[in-house]
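Asker: Sequence and predicted structure below; questions after.
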Amino acid sequence: MTMALDGIKVLELCGERGQLMGKLMGDMGATVIKIEPIGGVKERNIGPFKDDIPNKNRSLYFWANNTSKQSVELDITSSEGSNILKNLSKNVDIILEDMKPGYLTTLGLDYTELSKENPALIMTSLTAFGQDGPYRDYKSTDIVALAMGGQMHSCGYDDLPGSPPIRPWGDHGNYIASHYALLGTLSALIYRDLSGKGQYIDASAHEACSSTTEAALPTYLYSPHGVVSRQTGRHHAVTPTSKTLCKTVDGKYLIVFRIFMDLSSWISLVKWMDSYGMAEDLGDQKFKDMAARRTAGSEDADYAMEVLRKFITTQTAEDVYRKAQQLRFPWGIVRSPEENLNDPHFSEDRGMFAEIAHPELGKDVLIKYVGRPYNFKGTPWNATRPPLSGEHTEAILENELNYSSDQLNSLVSKNIIGSA
Amino acid sequence: MNKPFSSIPLNKGALSGLRVIDFSWIVAGPTNTRILGDFGAEVIKIENEASLDYCRGFVGPDADGSPNKSPLHSTLNRNKKSITLNVMHPQGMEYLKELISISDVIVENFSSRVLEKWGLGYEEQKKIKPDIIYCSMSGFGHSGRDRDFVTWGPTAQAISGLTYMSGLPGEESAGWGFSYMDHTGGFYGALAILMALKHRNKTGQGQHLDLSQVEAGIGLTGTPVLDYTVNGRPFRRSDMPPGNRSPERGFAPHNSYQCKGEDRWCVISVTDENEWELLVQAMDTPKWSNNKKFDSMENRLVNQVELDKLINLWTLNFSPREIMKFLQEKGVPCGAIQTPPERVDEDEQLIHRGFISSIPHSELGSIKVESIPMKMSETPWDLRLSAPLLGEHSAEVYLDLLGIPGEQLGTMYEEGIA
C-alpha cells in the first residue's frame, strides 16, 4: 500500500533538537538520509545502551528518535565533503538542519547556495533562538529551552517548600521544537505542490516552547496580576486549586478531578463508595446540587475530595481508573511508560507498539518499540530500525552520485566519508 | 497530479484555499485548527449556543456573560471563522452536508461515537465528499476496548507516562502544569492532516485519521519503553525521574539554581570541559573549583550534590536574567526560568522576533496572541482574522458560500437552525 510520504526525499543534518522530524517523515514513507560526521552524531553517545554497553550503535535514545533513516558519514567541513553534500542536495525535496545559526553559510551550504540548482528545495533551519536577534548565539540544551520557554515556571510543586520548578524529563523542549518545525515544513511541501516554489524556514525552538504553555501567556496578557504559579501534579493557576493526585493501596497514583461533573456520575460514585461503607455524608442533597451545578473551588468541594481521597487509598489504581472511566469521570492512572505495554487497549486492540527487526543483532531478533503516534486508516505507518553509523554511505554515493569503488576508497582513506 | 483546494486562495499562506470544517473545542482540537488557519486555511468553526466551547467561558468577572471575551479562546481561535449551526435540526444537518461537500478537511475532538450518532461517520462523509480528510481526535481512538474512555489533557499525560516522568526522585509526580497533551495532541492532528493532504495531492484519495490523545503521548516515551523491552529496566524505580539533573547524558553541573528574589531560579547545563572552564572563570575561580572532586565530567557527576550546593551559593547573588546574560556572554549554556511577564516584557529575543502580535477585536479592544514560531520565506504568517465572535461569520457562510437567500436567514435563526 502507498505510504503518505512515498517519493519524498529528505536530507537530515540534525542532532537532538531536530532528529524527530526525520523520524516522523521516514515512518510515513519518506526517504530520509541522515548526514552524520565521521564517527556518528553525538546522540549516539546518550544512554541508556543495549545491555548497558556504550556503543554508537547501541544507544536506545538514538534508536527511539532515528527509525526509518539511512546514515551517511560525511565530513562536510572539508571542501570535498561539502561538494558531495551539494550534489546530494540537487536531488532532494527537503533539507532539515539544526546547526548553529550561520554555520552552514560558512561552509557554502546555506539555502541561497543550495537552491541555485534546486529552486523547488524546501530547507528548514531549526535553531535554539532563530537566525537573528540578540540571543541568536546563546547556547541551549533541552533544559535551557524549557526554562526560557516557560514550561518550567508552570511545572513543579506547591507543597514541597523550597523545591525548584521542574523540567518535565524526556527531551520535550526538543520535541516541541521538532513538532512545530515539521508542521511548517509539511505546509511548505503542500504549497509547493500547487505553486512549484520551494522556500526557507527559520524555525526557533524558543518561540515554539514559548507558544506551548496554554493559559500562562493569555492570562498575563489581559491582566497584569494574572501570573500563574505551579502546583503539584496539576494545572498552573493564579489562585490555588485542590490537589488532584490521590495515592492508591498499591502505592501508585491517580489524578482525580471534575468530581462534580454531572449528577448521574456523582450519584454512581457515591453509591460505589457507599458499598465499601466509605461515602460518609456525601449522599447529602447539597452535594447532589453541587454536581448538578458543576460546582468547584468551594470548601464543600474540598471536603468531598478528601472523603474521596480516603476511599481511593483503599483501592488499587487500576480498579479506580477503570471503574471511574465507566462512570464517565476523566480520571487517569499515573503510569510509568512501560506499564502501557500491558494495557490490552493499546498493545492488542490498537497495535500501538511495533516489533522492528534488528538483523544486525541476530537473524530473527525483533525489538519492541513505541509505534505510531497516529492511526491513518488509508495509509500505513511503517518504521525500520535506526541505521548503524555510516551504514549507507557507500550505497548512497554509488546510487545517487555514481561514485566508483576506487573513488569511495580514496574518500575513506582521506577521512571524508566513513562507513559502518 | 496537483489537486486544487476547495476554495480560492485569498491570502499568502501555504494552505490558502483549503477549507476546514471545525467542530473542535476546548484546547486540543482548536490547537490543530489554529495551526491550519495560521498556515492560511479557511477554518470554519461550527458552534452552537446550546453547547458552547468551554474555552469561551474561561473569562474574568467583567465578561458580563459574553462568550467573546476569553483570553485563552482568543489565542487558540485567531485566524478562524465562526458560524452557528444546529446539527440536531434536520435542516441544519442539510446545510452542514452542503458545507462538507465544498470542503477539504473535517476536524473534531469529541468522544469517540459522537459523529457516528449524528449519522456523520467517515463512510457518510465520503458519500458527501469522496476525497474528504476526516481527523478525529478522541482520547483513546475510535477502536479498541477502551474507546469510550474520556480524557482531558492531564488524563492523557498521566496514562501515557509523561506525568510520572516529571518530578523529583522519591517525591510525588510534579507532572505538567498545563495540558501539554492538548498542545501536542493538536500538533499530531495537524501533522496527520498535512501528511494526508500530501497523499491526496498525489493520489486524489482522502482518508480517516484516527487520533488518540493518549497514543500521541505514548509516542513521546520511546526511550524509557526501549530501556524496558531491551534491558528489562522499568522507569518506575527509586532514582527516576531525575528532577532537573541529566543522568542519561552524564552532564554535571546540570540543574536549576536559586537566584536573588522570592522563588526565582535559573538553569545551568554544562555539556563539556570547555564550558566547565568557562563557568569556573565566570564565578571568579572559587577555591573549591580546583578540588579533584570536580576535575572531570565523571567526578562532577559523582559529586554533583555537593557541586550543586556550591554553585547555588554563587547564583543566589544575581537575578535569573542577570545570570543568564552573564554566563551566555561567557559561552555557558544557561537560562532564566522565565515568568510569563518576563517572556512578554523583557525577553529581547522574543521582542526582536515579534513574537506577540495583536489585532483589533470588537469586545476586547484588541487580542494579543503568540505568533507562529518560525519565519517562512514564501508563505509568511499573517494575523488576518481576530478570534471570531460567536456566529460572526454565519451570514457570510450561509449567504455567500451556500447561496441561501438573505430573507431566509432570519427564519433560520428563529427556528433554531442557525
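Answerer: Received the coordinates, thanks.

Asker: tell me which residues in stretch A:289-296 are buried?
Answerer: Neighbour-count burial for stretch A:289-296, with 16 or more other CB atoms under 10 Å in any protein chain shown as criterion, is recorded at A:M290, A:A291, A:T295, A:A296. To be clear about C-beta, it is placed using only N, CA and C from the backbone, and glycine gets the same treatment.

Asker: Quick one, which of these has the minimum pLDDT?
Answerer: Within those, pLDDT reaches its minimum at A:A296, with 77.

Asker: So for that residue, what's the nearest residue that isn't a sequence neighbour?
Answerer: Using CB to CB, 6 or more residues apart in numbering or on different chains and skipping residues adjacent in sequence, the residue nearest A:A296 is A:F260, 6.3 Å away.

Asker: related to what we said a few turns ago, out of the buried residues of stretch A:289-296, what pair is the most spread apart?
Answerer: A:A291 and A:A296 (10.7 Å; CB to CB).

Asker: hang on, the earlier thing: pretty sure the residue nearest to A:A296 is touching A:T295, no?
Answerer: Yes. With contact defined as CB atoms under 8 Å, A:F260 reaches A:T295; the gap is 5.1 Å.

Asker: hey, what's in contact with both of those two?
Answerer: A:A301 (CB atoms under 8 Å, 6 or more residues apart in numbering or on different chains).

Asker: Report whether stretch A:134-144 contacts chain B.
Answerer: Yes. Among the residues of stretch A:134-144, A:P134, A:Y135, A:R136, A:Y138, A:K139, A:S140, A:T141, A:I143, A:V144 lie within reach of chain B under CB under 8 Å from any CB of the partner chain.

Asker: Among the residues you listed, which ones are in helices?
Answerer: Among those, the members found in helices (DSSP state H) are A:I143, A:V144.

Asker: what residues does the stretch 251-400 of chain A put near chain B?
Answerer: The stretch 251-400 of chain A comes close to chain B at residues A:253-255, A:257-258, A:325, A:328, A:330-341, A:344-346, A:349-350, A:352-353, A:367-370, A:372-379, as judged by CB under 8 Å from any CB.

Asker: Among the residues you listed, name the buried ones.
Answerer: Members of these classed as buried by 16+ other CB under 10 Å are A:253-255, A:257-258, A:325, A:328, A:330-341, A:345-346, A:349-350, A:352-353, A:367-370, A:372-376, A:378-379.

Asker: Tell me which entries of those residues lie within strands.
Answerer: A:Y253, A:L254, A:I255, A:G332, A:I333, A:F353, A:I367, A:K368, A:Y369, A:V370, A:N375, A:F376 (DSSP state E).

Asker: residues touching the last one, list them.
Answerer: Just to be clear, that refers to A:F376. A:A4, A:M28, B:A192, B:M195, B:A196, B:Q207, B:L209, B:D210.

Asker: A:S265 and B:H361, how far apart?
Answerer: 37 Å (CB to CB, to the nearest Å).

Asker: Remind me what the lengthiest helix in chain A packs against, helices and strands.
Answerer: Using DSSP H, we find that the single longest helix of chain A is helix A:172-195. Here helix A:172-195 touches helix A:19-27, strand A:94-97, strand A:122-127, helix A:142-148, strand A:199-204, helix A:205-210, helix B:180-203, strand B:374-376, going by 3 or more CB pairs under 8 Å, 6 or more residues apart in numbering or on different chains; DSSP states H and E.

Asker: how about these in JSON lines, adding mean pLDDT and mean neighbour count?
Answerer: What follows is the helices and strands packed on helix A:172-195, written out as JSON lines (pLDDT from 0 to 100; neighbours: other CB atoms under 10 Å in any protein chain shown):
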{"stretch": "helix A:19-27", "mean pLDDT": "98", "mean neighbour count": "26"}
{"stretch": "strand A:94-97", "mean pLDDT": "99", "mean neighbour count": "26"}
{"stretch": "strand A:122-127", "mean pLDDT": "98", "mean neighbour count": "28"}
{"stretch": "helix A:142-148", "mean pLDDT": "98", "mean neighbour count": "30"}
{"stretch": "strand A:199-204", "mean pLDDT": "98", "mean neighbour count": "26"}
{"stretch": "helix A:205-210", "mean pLDDT": "98", "mean neighbour count": "29"}
{"stretch": "helix B:180-203", "mean pLDDT": "98", "mean neighbour count": "26"}
{"stretch": "strand B:374-376", "mean pLDDT": "98", "mean neighbour count": "23"}
